[in-house]
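No sequence on hand, only this structure:
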Ligand SMILES: Cc1ncc(C[n+]2csc(CCOP(=O)(O)OP(=O)(O)O)c2C)c(N)n1
Ligand SMILES: Cc1ncc(C[n+]2csc(CCOP(=O)(O)OP(=O)(O)O)c2C)c(N)n1
Ligand SMILES: [Mg+2]
Ligand SMILES: [Mg+2]
């Protein structure tokens, strides 16, 4: 058997619907015979009648309704058709879900699934990675699974968590990533994973970029370098300890993210490493992000806009030479 | 004569309306005899009939209309009643205004004024600082004036700039800050200001926190330390050069921001300093932000939530000892 | 304004009193008493932040709270003190929140009209207008999922808030989900300083109902019996499984937007409109005209209201405020997942 | 489906042809030809990203573009190729965008239906539905500010997009600002895979008009003459200073949401509805029935359309794509203000 990242997300939702009657799925086109723009809920409406519901094109109300249902004891999963459209639900996510526990002592166990990240030909409004905006505001857990196993166990955990979770699934990984089977247990959220061990340089990454980093590590192994690759798994909470422990071993840090270059995950990682692990660093910590423009539609532009293995390798080599 | 930060904002708008017929002001309650929740447009509707217009409570449409008007050659200024409500307009700001020039080659000269930052008793939804969210996305200029002079000249510049500007004015400074007169010329956007010279430690800050930093510098001068205080003025573009030049002099860096601690301006500044000025640093660069909860209503909680002079001083002393 | 109101109450006869007229009147009276007191505390500098009152809207609001039962969901907004009280919110919730006691429902973390008790089905509003409609819809969906019966939800909004995108999406999703929701919209003719002509351009906001598949009703919000009749009817219809209900009440906001606002922009002309009557005075006129209770009882009711309010204030004033260094600075409930931010 | 449409065109007689019937028909024909070609290129793997066509909506869309004059503002959406062409968009804009030429209006930075030429008054849509309505309103306000005369704006939307908050705010602000706006909403009975019953619950979307102070008109979008009559009338009324106009057309989407979508969820039942007719076939039937042009001319028109499309494709195919290392990676126009990000 072989299962994709996308199938893992569907399986997780099937399991959640099966095991917990408080769970329902709410989103555009998730129901019927269709099962979502990416088929992440394919078949679920039929298997779980009345619990996988199509919504109007109303992202604010979709999340608002999920919040209300969660306050009343349900465990809704909201699917955004693309992460980019969560800009419309942002107020509900940040200001309503994100503040509710702190204000009222009543947690809001919603999970908002964001099909994130770039793919060829998707353009400025179907390619965004919004994890940094959600992580900036208090009150939210922000998950960024990079593997089939994490896609599965973290989604199950997301729904179990009493607090609101923004679950950023990467569209590029949907079909590209396969595993042999699904795990029965996952690594807890908040713990980063050492995706590859090394001692010369630490590359910290998350989501699709983990795989670019791994490719670079493989490539540079051929040049005699041992690169440690860390998969953050969740960007909030962010596992500073694992990052620092790795930097303690390697003395060098490169952080790679797919989103825009101002602020965001890479800035947060570098800032933490610099503030808390300054004496561990043998060279200036570096980062690599996408370019500071909207995400281009044309594949030639897109592949130059996002960080890619070539650029990561270049940056890594420069850092290794320092 | 003495003029407040708030009056400077009003004067800038009066001048803009007087000098440029393409300018109009659009926002909730900005018109009539009322002149805005904070009176930043007081009297302007009368002086400039038909050009200072009240809007429905429709932040998305307010900014959408401004974008359309800007494309057609106007120079609209949109007032959000509070920065916090710009969450409703965020999609138009990020995805429409922010992408338009890059996509179509037609710039969108809108200015969105965000009354930002905490004041006593304002609570989670009337206190936010959202500059980091706007700076994260491409296509926007994000200004954060900390002085009466900058409030005036930067707003005039904001409207002159062909690109969309998010102008973050700080509500705490509205009445607290006074100048003798308004300048005829300002420092260009993108250039940080050395608000106080020093050689032992650089504190980088912006908006209201500049004044906390200055208070700390004054206090620590009594203890024999010379602290350099940098006012970023705009957080995008962010003047890395001035920051690095200062760190080259002092060897120590503390960055203070009023917003939430994950990501944001302080992370960006520290990450740049660490990446580009690593060898200039004699100690781990540090940062200080508000706490990772919504902004509390009660003054006792609020003053503990935001970074304050006491905490900055503590952090600064620790850094000076290293 | 009092005179105007009385004059008009003579020209425009109120409906015969609804059976719950006096009960509702007492919530109105309690609210007016409470809010006048809060205003004087505010003037005395004893309250941090804003004070927002519902003067002139107590009849609408009381009717909102009165017909709700345990298990119903209530999403009040800033002018709904009467409804909050009638729905069961203890006065102490109000005074503790305004006076900054750490024992209040928001524990000093949020203030004034943002308070709520979601677990008692009184939702805690966020400031962003319109956002609570869909939240109410979701709560009703949950109740249906859980197999509960006989519940409804009632959400309040101002005519200003009706222009938000969130309101539209919330209203539409209520109709799509066919939840038993009543939306009570109060057109008090101002959104802060903005008059209706810069808020919307339709003839009558109740005409919004048909475009969503709601049933719509208009209401003279200065007439308590009419409020009870129409809002009570809407609640009954929602409970009986009719489509969602929209009630649009017409009143004038008889205060500033908040107490910091002198409302000098309110025109003299509008103050002479029939909808500018003070619903409390109108109700009292009805009581007098129809001799519903004697003057002595009325005086006693007033005293009782004052006593309750004074007690709630005195209690809250004695209580300790929250302290920054004792605060649990944690925005999430699962402590294992707290980020190790400095 | 063809048969069904023909059968129905007999039972339901189309209106007598509008004076611009043939002109509009030719835009429809050009569009259908173009889009069929784009679809085959897509099937052949020659297009990156999605292809979104307006099959079944050409009559509505052609009517939208046809009555606009130079100086008017047009805000088309994803199914408005006919309107775009009629408004003056060169075919090369389309083919260059789809085929990734760097000479296209979006220069490879944005794709497919997001293209526009704001300086020629054809706005470039963002994906977020509803967002372009208020942008159109603002453009019209600007024209008024600048003292221009005799202009209108026309913005398109689907029944799905009407449920967004942005649409509501945009529609309301149009009425408040009293700009000369026509909104043409096409209910093609699907938003992607979602049917009307999960989109809205009102009886008829045209009933939304009254709640905003718009004038509202319904329309059989399969009937070209009716489209020209009603949309032309709305444009005329807007130009004459009447309140904003809402036209709601009924059709069936005769394609997938995009070409990646086999639309297997479209029910057989709905395909038998009168609104499921193919407007192009209906128009051709009218042409035949009333003998508006002879068969030879029709054949020539078809050939001409094919030739134009082929030429636009051939040209675009010869052009170089954008290159990452030659790209001007700059999201703002004022170069001094570019952030020194690494
Ligand atoms: C989305 C949003 N924008 C702006 C505000 C600021 N604001 C608070 S109350 C108010 C006026 C509300 O008017 P209305 O809805 O008519 O209620 P009323 O105060 O008249 O009861 C405004 C503009 C807000 N709360 N939410
Ligand atoms: C705010 C927003 N949410 C989701 C989407 C994704 N999306 C693109 S088209 C579409 C369906 C649109 O339906 P409708 O408005 O009826 O137009 P049609 O495709 O039927 O012409 C959806 C959901 C979007 N573009 N914008
Ligand atoms: Mg009002
Ligand atoms: Mg549709």
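Here it is on my side, so go on. In this text, all values refer to a predicted model and were calculated from it rather than measured experimentally. Numbers count the residues shown, from 1 in each chain, chains lettered A, B, ... in the order given. Ligands and ions are numbered 1, 2, ... in the order given.

what are the ranges of the strands in the stretch 151-300 of chain C?
Secondary structure of the stretch 151-300 of chain C (DSSP state E, counting those that start in this stretch): strands at C:153-158, C:181-187, C:190-191, C:194-195, C:215-220, C:245-250.

As JSON lines, the ones you listed with mean pLDDT, distance to residue B:322 and mean neighbour count would be great.
Where you see a C-beta, it was placed from the backbone N, CA and C, and this is true even at glycine. Below are the strands of the stretch 151-300 of chain C laid out as JSON lines (pLDDT from 0 to 100; distance: least, C-beta to C-beta, whole Å; neighbours: other C-beta atoms under 10 Å in any protein chain shown):
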{"stretch": "strand C:153-158", "mean pLDDT": "98", "distance to residue B:322": "55", "mean neighbour count": "28"}
{"stretch": "strand C:181-187", "mean pLDDT": "98", "distance to residue B:322": "60", "mean neighbour count": "28"}
{"stretch": "strand C:190-191", "mean pLDDT": "98", "distance to residue B:322": "54", "mean neighbour count": "24"}
{"stretch": "strand C:194-195", "mean pLDDT": "98", "distance to residue B:322": "55", "mean neighbour count": "20"}
{"stretch": "strand C:215-220", "mean pLDDT": "98", "distance to residue B:322": "68", "mean neighbour count": "21"}
{"stretch": "strand C:245-250", "mean pLDDT": "98", "distance to residue B:322": "64", "mean neighbour count": "27"}
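
Show me what residue of the stretch 1-150 of chain A gets nearest to ligand 3.
Nearest residue of the stretch 1-150 of chain A to ligand 3 (C-beta to the ion) works out as residue A:91 at 20.5 Å.

and that residue, how far is that from residue C:195?
Relative to residue C:195, residue A:91 is positioned 26 Å away (C-beta to C-beta, to the nearest Å).

Distance of the residue lying closest to residue A:33 once chain neighbours are set aside relative to residue C:311?
Spatially, and ignoring its direct neighbours in sequence, residue A:33 is nearest to residue D:265 (5.4 Å; C-beta to C-beta, 6 or more residues apart in numbering or on different chains). Residue D:265 sits at a distance of 62 Å from residue C:311 (criterion: C-beta to C-beta).

tally of neighbours for residue A:47?
Number of residues near residue A:47 (other C-beta atoms under 10 Å in any protein chain shown) recorded here: 11.

What of residue A:39?
Other residues lying near residue A:39 total 16 when counted by other C-beta under 10 Å.

Next, give phi and psi for it.
Here is the backbone geometry of residue A:39 (degrees, to the nearest 10): phi 70, psi 20.

residues contacting it?
Each residue near residue A:39 by C-beta atoms under 8 Å, 6 or more residues apart in numbering or on different chains is listed here: A:6, A:10.

Which pLDDT value belongs to it?
Note for residue A:39: predicted pLDDT of 97.

just residue C:48 next, same as before
At residue C:48, the model reports a pLDDT of 84.

Quick check: it touching residue B:123?
No - assessed by C-beta atoms under 8 Å, residue C:48 is found out of contact with residue B:123, at 9.8 Å.

what do those two both touch?
Both residue C:48 and residue B:123 are in contact with B:297, C:111, where contact means C-beta under 8 Å, 6+ apart.

Looking at residue D:265 and residue C:311, which is more packed in?
Neighbours were counted for residue D:265 and for residue C:311 using other C-beta under 10 Å; residue D:265 has more, 18 against 13.

And that one, how close does it get to ligand 4?
Relative to ligand 4, residue D:265 is positioned 13 Å away (C-beta to the ion, to the nearest Å).

can you pull the contacts of the residue in the stretch 51-200 of chain A that ligand 1 sits nearest to?
Nearest residue of the stretch 51-200 of chain A to ligand 1, counting by C-beta to the nearest ligand atom: residue A:91, 8.0 Å away. Taking C-beta under 8 Å, 6+ apart as the criterion, residue A:91 is in contact with A:60, B:87-88, B:90, C:128, C:131, C:166.

cool, and residue A:23?
A:16-17, A:51, A:74-77, A:159.

Closest to the mean position in the chain, which residue would that be?
Defaulting to chain A. residue A:144 (1.8 Å; C-alpha atoms, centre = their mean).

wrong one, I was asking about chain C
Closest-to-mean residue, chain C, C-alpha atoms, centre = their mean: residue C:80 / 1.5 Å.

So which bits of chain C are right by ligand 1?
For chain C, the contact set with ligand 1 under C-beta under 6 Å from any ligand atom comprises C:78-79, C:127-129, C:158-161, C:164, C:188, C:190-192, C:253, C:257.

Now the two most distant members of the residues you listed.
Among these, the pair separated by the greatest distance (C-beta to C-beta) is C:128 and C:253, at 20.1 Å.

Quick one: low-confidence residue ranges for the stretch 201-342 of chain C.
Applying pLDDT under 70 to the stretch 201-342 of chain C picks out residues C:342.

Give me the neighbour count for the closest residue to chain B within it.
At 2.5 Å from chain B, residue C:324 is the closest residue in the stretch 201-342 of chain C, using C-beta to the nearest C-beta. Neighbours of residue C:324 under the rule other C-beta under 10 Å: 17.

what's the closest non-adjacent residue to it?
Of all residues not flanking residue C:324 in the chain, residue B:304 sits nearest, at 2.5 Å (C-beta to C-beta, 6+ apart).

Kindly indicate whether that neighbour is helix, strand or coil.
With DSSP: H, G, I helix; E, B strand; the rest coil as the basis, residue B:304 sits in helix.

ok, it to ligand 2 distance?
Applying C-beta to the nearest ligand atom, to the nearest Å, the value for residue B:304 to ligand 2 is 39 Å.

how near is that residue to residue C:107?
Distance, residue B:304 to residue C:107, using C-beta to C-beta: 14 Å.

Of the two, which one has the most company?
The residue with more neighbours, out of residue B:304 and residue C:107, is residue C:107; 24 against 20, by other C-beta under 10 Å.

residues touching the nearest residue to that one once chain neighbours are set aside, list them.
Excluding the flanking residues, the one nearest residue C:107 by C-beta to C-beta, 6+ apart is residue C:322, at 6.0 Å. By C-beta under 8 Å, 6+ apart, the contact set of residue C:322 is B:296, B:298, B:300-301, C:100, C:102, C:107-109.

In a markdown table: those residues, plus secondary structure, distance to ligand 4 and pLDDT.
Listed next are the contacts of residue C:322 as a markdown table, based on DSSP: H, G, I helix; E, B strand; the rest coil; distance: C-beta to the ion, whole Å; pLDDT from 0 to 100:
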| residue | secondary structure | distance to ligand 4 | pLDDT |
| --- | --- | --- | --- |
| B:296 | coil | 45 | 98 |
| B:298 | coil | 49 | 97 |
| B:300 | helix | 53 | 97 |
| B:301 | helix | 48 | 98 |
| C:100 | coil | 51 | 93 |
| C:102 | coil | 52 | 95 |
| C:107 | coil | 47 | 96 |
| C:108 | coil | 49 | 96 |
| C:109 | coil | 44 | 97 |
